[in-house]
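*Asks:* Curious how this folds, go ahead:
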Amino acid sequence: MSERKIRVLVAKPGLDGHDRGAKVVARALRDAGMEVIYTGLRQTPEMIVEAALQEDVDVIGLSILSGAHMALVPRILELMQAHDLADVKLILGGIVPDEDITALQRMGVSGIFGPGSDTQAIVEHIRKVVPLE
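*Replies:* Numbering: from 1, shown residues only. Here you go, the predicted structure:
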């Protein structure tokens, strides 16, 4: 009997139209044996959380380069709480100023990965924070 795969939803919230980094991370996670669902560009927080519910994911990975993380992340976390997704981890990649990192972590963001982050570090973080039964 094989161990179940970690399921990760990779999403691009907001109006940011650049998804190369999200696709690189999605491929690295897939290559590491995880199931990856990529929602595409211009997703609303509601669309992201609905997809997470439908896909029964373990992790939501957001890629935000627009600078809107302090507006988008709290809304996504609020929706996750409203839909009883407390066990789903939220990670964030993209442009995040140092002064926002602590606030995002306090809100509940499990991991924050800036430009140039090693994809293996993202894989290891997810494996650390997602308990497999």
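*Asks:* Where does the closest residue to residue 108 other than its chain neighbours sit: helix, strand or coil?
*Replies:* By the measure of C-beta to C-beta, 6 or more residues apart in numbering, the closest residue to residue 108 outside its immediate chain neighbours is residue 77, 5.4 Å from it. For every residue, glycine as well, the C-beta is placed using N, CA and C. In terms of secondary structure, residue 77 is helix; the call rests on DSSP: H, G, I helix; E, B strand; the rest coil.
*Asks:* Quick check, pLDDT for residue 77.
*Replies:* Residue 77 is assigned a predicted lDDT (pLDDT) of 98.
*Asks:* residues near the residue nearest to residue 127 when sequence neighbours are not counted, how many?
*Replies:* Among residues not flanking residue 127 along the chain, residue 6 sits closest, at 7.2 Å (C-beta to C-beta, 6+ apart). Around residue 6 there are 22 other residues, counting by other C-beta atoms under 10 Å.
*Asks:* can you pull the contacts of residue 6?
*Replies:* Remark: with contacts taken as C-beta atoms under 8 Å, 6 or more residues apart in numbering, residue 6 is in contact with 33-35, 58-59, 126-127, 130, 132.
*Asks:* can you give me phi and psi for it?
*Replies:* Backbone dihedrals for residue 6, given as degrees, to the nearest 10, come out at phi -70, psi 130.
*Asks:* swap in the one 10 residues further on?
*Replies:* Backbone dihedrals for residue 16, given as degrees, to the nearest 10, come out at phi -60, psi 130.
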